[in-house]
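Student: Whatever this is, show me its structure:
(one chain, ligands or ions: 1)
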Amino acid sequence: MCGIVGYIGNQQACPILLDGMSKLEYRGYDSAGIAVYDGKRIDIEKCVGRLQALRIKIQGHEPQGTVGIGHTRWATHGRPSDRNAHPHCDESGRFVVVHNGIIENYLELKEYLLEKGHRFSSDTDTEVVAHLMADQYDGDFLSTVKKVIRRIDGSYSLVFLCADEPDKLITTKKDNPLVIGLGEGENFIASDIPAIIGHTRRTYIMSDGEIAIVTKDAVRVEDLNGNPINKKVYNVTWNAEAAEKGGFEHFMLKEIYEQPKAVRETMRGRLGKEEGTIDFPELNWTKADLRGIKKVFIVACGTAYHAGLVGKYYLEKFARIPVETDIASEFRYRDPLVDSSCLMIVISQSGETSDTLAALREAKRLGARTMAVTNVVGSSIAREADQVVYTYAGPEIAVASTKAYTTQLIVMLMLGIYVGRLRGELSDELARTLTRDLREIPEQIHAMLEDTEQIKIFAKRYGSSENAFFLGRSLDYFVALEGALKLKEISYIHAEAYAAGELKHGTLALVVEGLPVIVLATQADVYPKTISNLKEVKAREAEVIAIALQGDREIDKVADHVIYVPKTDKFLAPILAVLPLQLLAYYAALTRGCDVDKPRNLAKSVTVE
Ligand code: F6R
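Tutor: Numbering: from 1, shown residues only. I've put the predicted structure just below:
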């Protein structure tokens, strides 16, 4: 999520770090900082805002030295601020660290360190690592790093600098990217290739559990037990722009492919150890709190609103609380019946959407309790809501929302289970099935993204159509809405989503020969009805692409084409069923030569009404 750079060599580190960080700003951009060893001590400079703010701050007194580390931040723990910006150090300033990821057990470690008298100067999980280094220090940098790694849980790429051994940087990773750039008399570390591609194309791609000891003349890689690891040199052949997109042609495609990792991050620390349990440490709700809630409102815009519709279904089904959903721009002007017995949940990737923010303020004014589901730590919506649940999807750059949506679905499902259990409305058995199936989701998404040939063929075949319909019932209808939005916003094909049963109340008049109709059929309880609707459009000679669960033996007899998604519980099907629709939109847009990442007339963050 954040960007990391390290340098050790004969040149001044500061300009190299800043240059590398500028190539990583797409990974995070709410604050930035560098640390350089100046011959006596480690000089740390950092500030909130984009990298440019740091450049201005240090202009004329740039830290001098030939070894250093840098970081561009995308906040996960602690809002964007000077004090929460990386690098972080222990109180003596001996150990400095930059980190990308989440230290799951940081609260427990922080408590332990506080008891031992450590004083913290930030709200981050990362600072705990620097203090733990000081706590565990045995006079040897490498052995201390290893002791610390043994004590931390979570996901991370970490780079350590130690004032006592400034001839080296030590770096390691788990579930986060990390590369070492191999130079002549100098070496580089980065969370992503774009940061170093201007200096070298010879790299080591680090794997989980590997520790690299990087000096200016050598890079040694070993495991936690000191066993040497023989790394293969990987020669980067992409250009800088492609590297920024991780080798993908567009950010949208990159973000689609980031979904296994993104949903894993959303679930991290929340899926309880005991099957069937969900933990939201940030909520701390009691049964009494929930008993006081008579009604829930879920309010959002666009894709986030579609996630809200699914969320309503989950909360009503699992927790038996009445839920109203609203488009944010409508909610605020309709004089809603909201009072202190209501809970208002707003969903927003950016946390800055002006209508959603206004709806949140309106609900607060009317006395409701409020909660935000957002991706951007410290965003306006996150700051103003009483409670926040972060999706941890990482920065989403493409205008069309993909990984933000799937992670919102995961949060809403987990919330449904959490509230359902607290209210005693969800059976243990169903809760267990749901959490068990949730654990499978990242791997199932991964498998689906491995095989996209069929979707590319459909995109070519139907890419020249001017109209398309998306149909579904129950949860499938909400996914249809999202599929249609994706298609229209990036390919400019006119797409409409309908609750399948609604078609014959007027819209069927538009169904003509050759019209592509995407029918979602993953919901067993309404399956026969959906098939009847499918037949209705087939009878008008539309071309039907069905999205169905693997193992469905009926569907290929009635649809022209079928895209199968891995078998899962019907409640989780939306998380998988949306993937082919995202890809279909993407490849259709490519076929039509559209600007996928920046569709006409649209902006990523809608901060005007
Ligand atoms: C569509 C899309 C938009 C956003 C909407 C809300 O792909 O991205 O519909 O979902 O503008 O934005 P956030 O979630 O930032 O409030």
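Student: Which single residue in the protein comes nearest to the ligand?
Tutor: When you check the chain against the ligand by C-beta to the nearest ligand atom, the closest residue turns out to be residue 302, at 1.9 Å. Every C-beta, even on glycine, is put in place using the N, C-alpha and C of the backbone.
Student: Report pLDDT for that residue.
Tutor: Each residue has a pLDDT score; the one for residue 302 is 97.
Student: Setting aside sequence neighbours, what's the nearest residue to it?
Tutor: In space, not counting the residues next to it along the chain, residue 302 is nearest to residue 485; the distance is 6.7 Å by C-beta to C-beta, 6 or more residues apart in numbering.
Student: tell me what the helix or strand containing that neighbour is packed against?
Tutor: Under DSSP states H and E, the secondary-structure element containing residue 485 is helix 475-491. Counting contacts by 3 or more C-beta pairs under 8 Å, 6 or more residues apart in numbering; DSSP states H and E, helix 475-491 is packed against helix 302-314, strand 467-472, strand 494-499, strand 516-521, helix 573-591.
Student: Measure how that helix sits relative to strand 494-499, angle-wise.
Tutor: Counting by axes from the mean of the first three to the mean of the last three C-alpha atoms, to 10 degrees, helix 475-491 lies at 170 degrees to strand 494-499.
Student: Quick one: distance of helix 475-491 to the chain centre.
Tutor: Relative to the chain's own centre, helix 475-491 is displaced by 20 Å; criterion: C-alpha atoms, centre = their mean, to the nearest Å.
Student: try stretch 497-506
Tutor: Between the centre of stretch 497-506 and the centre of its chain there are 33 Å (C-alpha atoms, centre = their mean).
Student: one step back: who touches the residue nearest to residue 302 in this structure?
Tutor: With contact set as C-beta atoms under 8 Å, 6 or more residues apart in numbering, residue 485 has these partners: 302-303, 306, 495, 497.
Student: Which of those has the largest number of neighbours?
Tutor: Using other C-beta atoms under 10 Å as the neighbour test, these are led by residue 306, with 29 neighbours.
Student: Does that one touch residue 405 like I think?
Tutor: Yes. Under the contact definition of C-beta atoms under 8 Å, residue 306 touches residue 405, with a separation of 7.0 Å.
Student: Residue 579 and residue 449: what is the separation?
Tutor: Plainly put, residue 579 is 7 Å away from residue 449 if you go by C-beta to C-beta, to the nearest Å.
Student: which residues are in contact with both of these two?
Tutor: 256, 259.
Student: With neighbour numbers in mind, choose between the two.
Tutor: residue 579 (22 against 17).
Student: pLDDT weak spots in this protein?
Tutor: Counting by pLDDT under 70, the chain has low-confidence residues at 1, 26-28, 238, 240-243, 604-605, 607-609.
Student: For the helix ranked longest in it, buried residues please.
Tutor: Across the chain, the helix with the greatest residue count (assigned by DSSP state H) is helix 428-450. Within helix 428-450, the residues that qualify as buried by neighbour count (16 or more other C-beta atoms under 10 Å) are 430-431, 433-435, 437-438, 440-442, 444-445, 448-449.
Student: mind putting the residues you listed in JSON lines, distance to the ligand included?
Tutor: Below are the buried residues of helix 428-450 laid out as JSON lines (distance: C-beta to the nearest ligand atom, whole Å):
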{"residue": "430", "distance to the ligand": "29"}
{"residue": "431", "distance to the ligand": "28"}
{"residue": "433", "distance to the ligand": "30"}
{"residue": "434", "distance to the ligand": "25"}
{"residue": "435", "distance to the ligand": "26"}
{"residue": "437", "distance to the ligand": "26"}
{"residue": "438", "distance to the ligand": "22"}
{"residue": "440", "distance to the ligand": "26"}
{"residue": "441", "distance to the ligand": "21"}
{"residue": "442", "distance to the ligand": "22"}
{"residue": "444", "distance to the ligand": "22"}
{"residue": "445", "distance to the ligand": "18"}
{"residue": "448", "distance to the ligand": "20"}
{"residue": "449", "distance to the ligand": "18"}
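Student: of all those residues, which comes closest to residue 194?
Tutor: Distances from those to residue 194 were compared by C-beta to C-beta; the smallest belongs to residue 449, at 22.3 Å.
Student: Contact residues of the stretch 351-500 of the chain facing the ligand?
Tutor: 353, 356, 400-401, 485, 489 (C-beta under 6 Å from any ligand atom).
Student: doesn't residue 146 fall inside a helix?
Tutor: Yes. Counting by DSSP: H, G, I helix; E, B strand; the rest coil, residue 146 is located in a helix.
Student: what's the nearest residue to it once chain neighbours are set aside in contact with, if anything?
Tutor: Distances taken as C-beta to C-beta, 6+ apart put residue 224 closest to residue 146, at 5.6 Å, once the chain neighbours are dropped. The contact partners of residue 224, taken as C-beta under 8 Å, 6+ apart, are 146, 149-150, 209, 211.
Student: can you rerun that using 10 Å?
Tutor: Residues counted as contacts of residue 224 (C-beta atoms under 10 Å, 6 or more residues apart in numbering) are 145-147, 149-150, 172, 209-211.
Student: can you tell me which two in those residues are farthest apart?
Tutor: The most distant members of the contacts of residue 224, if one measures by C-beta to C-beta, are 147 and 210, lying 16.9 Å apart.
Student: Could I get the phi/psi values of residue 600?
Tutor: Dihedral angles of residue 600 (phi, psi; degrees, to the nearest 10) stand at phi -60, psi 150.
Student: Could you grab the helix/strand/coil label for residue 504?
Tutor: helix.
Student: what about it, how many neighbours?
Tutor: The local packing count at residue 504 equals 11, with neighbours defined by other C-beta under 10 Å.
Student: go on, residue 118?
Tutor: Residues near residue 118, counting by other C-beta under 10 Å, number 18.
Student: check contacts around the nearest residue to it once chain neighbours are set aside.
Tutor: Among residues not flanking residue 118 along the chain, residue 131 sits closest, at 4.7 Å (C-beta to C-beta, 6+ apart). Shown here is residue 131, whose contacts under the criterion C-beta under 10 Å, 6+ apart are 88-91, 95, 97, 109-110, 112-114, 116, 118-120, 148.
Student: Buried among those residues? Make that a PyMOL selection.
Tutor: Selection of buried members from the contacts of residue 131 for PyMOL, criterion 16+ other C-beta under 10 Å:
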select buried, resi 88+89+90+95+97+109+110+112+113+118+120+148
